[in-house]
Structures are given as C-alpha cells and as structure tokens.
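J.: Here is my input; please provide its structure:
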Amino acid sequence: MSNPAGTEESHSLRGPIDRSALITIRDIIDETEPLATPSLDDYLNPSVLEISLKDGLCGADNGRIDVQWTVRGDYKFHYTDSKGVNFRWGKHPHDGDYIHVPGLEHYHPPPNASSDPDEVEESCIKQSPEALVTRAVLKLWRVAYHSQSYDPLNAGSNPP
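T.: Next up is the predicted model:
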C-alpha cells in the first residue's frame with residue numbers, strides 16, 4: 001500500500017487491505033444499522049468499504065463512513081457528512097506524535113478530524129477484532145445520533 005504524498009510510514013496503515021475483514025464489517029453493518037448502506041468500492045480487490053448514511057449527525061442531511069482495514073489489523077473509520085464535519089477512529093502507528101495517545105488506538109475529533117498532536121485523543125475502542133470494532137463504532141455513532149451531540153463519539157467504555 002503506497003503512502004499519500006507527505007505522510008510518514010509511521011502514520012500509515014500497515015499492510016494490504018484485508019478483503020475478508022471488510023466483508024465481515026459490511027455484513028455486520030448491513031444486518032444491524034437501518035440507516036446505512038455499505039458497499040465495497042471493488043468486490044474482488046477492495047481498497048475501502050463505503051457506508052452511505054441516510055441521515056447525519058447534528059442536523060446533517062446525510063453522511064458517510066469510509067472504512068479501511070489491513071491484514072495487520074490496522075484500521076480507519078472516517079466519518080464525513082453534508083455539513084462538512086469529519087472525525088475518525090483509527091488504529092495504526094503514529095510514531096508517538098499523538099502525545100495523548102499511549103497505544104495505537106486513537107480518535108480524531110470533529111469538526112475536522114484534526115491530526116494536531118494536541119487534539120488527537122486516545123480512542124475508547126480498545127478491542128481488536130473487526131466485528132467488535134465495527135459494533136463499537138456503530139454504537140457510538142447511534143448514541144451520538146440520538147443525543148444530537150458529538151460528545152458521545154469517544155466517550156464509551158471498553159467495549160462501548
């Protein structure tokens with residue numbers, strides 16, 4: 001997997017995309033979240049699972065979560081919506097640049113999913129299997145959706 005221009009290896013997902021993990025995530029979302037429509041960008045050789053949301057958070061008309069999961073267990077769940085709000089949960093090396101994050105799991109808060117070391121937080125999601133991470137993301141998103149607040153997005157206990 002190539003790195004985007006200007007990024008360090010330590011801030012990238014390691015390894016190729018894990019197709020079977022994305023299919024597992026797709027199936028869980030398809031079965032459990034009525035506002036979501038998940039689809040792979042390419043069924044045989046996917047690079048991302050795109051989850052279209054019929055409604056967004058805090059007044060957004062719609063949203064989308066893009067998921068990447070690698071064979072090394074690194075992941076990224078990136079939310080964006082019609083109001084331009086972004087946030088993401090991730091697990092991958094960050095070379096210690098995220099000063100409030102002791103491990104690999106981290107959270108880039110809304111509204112812009114900043115990578116500023118002072119803003120990136122330790123993620124409340126500590127589980128590793130794709131099924132548990134997916135269920136945690138869905139639960140955190142649902143709680144935020146019903147409360148019409150971004151505050152619950154990283155406020156769950158392990159597992160959320």
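J.: what distance separates the longest helix along the chain from the centre of its chain?
T.: When the chain is parsed with DSSP state H, its longest helix is helix 130-147. Put simply, helix 130-147 sits 10 Å off its chain's centre (C-alpha atoms, centre = their mean, to the nearest Å).
J.: same check, this time on stretch 136-148
T.: Here stretch 136-148 is found 13 Å from its chain centre; the criterion is C-alpha atoms, centre = their mean.
J.: tell me the mean pLDDT for that stretch?
T.: For stretch 136-148, mean pLDDT is 97.
J.: Also stretch 120-130?
T.: 95.
J.: Give me the buried positions along it.
T.: If you call a residue buried by 16 or more other C-beta atoms under 10 Å, then stretch 120-130 has these buried ones: 120, 123-127, 130. Glycine gets a C-beta too; all of them are placed from N, C-alpha and C.
J.: cool, and stretch 53-65?
T.: 53, 56-57, 60, 63-65.
J.: what's next to it, contact-wise?
T.: Applying C-beta atoms under 8 Å, 6 or more residues apart in numbering, the external contacts of stretch 53-65 come out as 35-37, 50-52, 77-83, 85, 137, 141, 144-145, 148-150.
J.: try 6 Å this time
T.: Stretch 53-65 is contacted from outside by 35-36, 51-52, 77, 79-83, 144-145, 148, using C-beta atoms under 6 Å, 6 or more residues apart in numbering.
J.: What's the PyMOL line that selects buried ones from those?
T.: A single PyMOL command selects the buried members of these (16+ other C-beta under 10 Å):
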select buried, resi 35+36+51+77+79+80+81+83+144+145
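J.: Looking at the contacts of stretch 53-65, which is nearest Ala155?
T.: Closest to Ala155 out of the contacts of stretch 53-65 is Ala144 (9.1 Å), distances taken as C-beta to C-beta.
J.: I figured the closest one was touching Asn154, is that so?
T.: No. The pair Ala144 / Asn154 is not scored as a contact, 9.6 Å apart, by C-beta atoms under 6 Å.
J.: got the contact list for Tyr145?
T.: Residues near Tyr145 by C-beta under 6 Å, 6+ apart: Leu57.
J.: hang on, the earlier thing: can you tell me which of the buried residues of stretch 53-65 is nearest Ile28?
T.: Checking the buried residues of stretch 53-65 one by one against Ile28 (C-beta to C-beta), the nearest turns out to be Ile65, at 12.5 Å.
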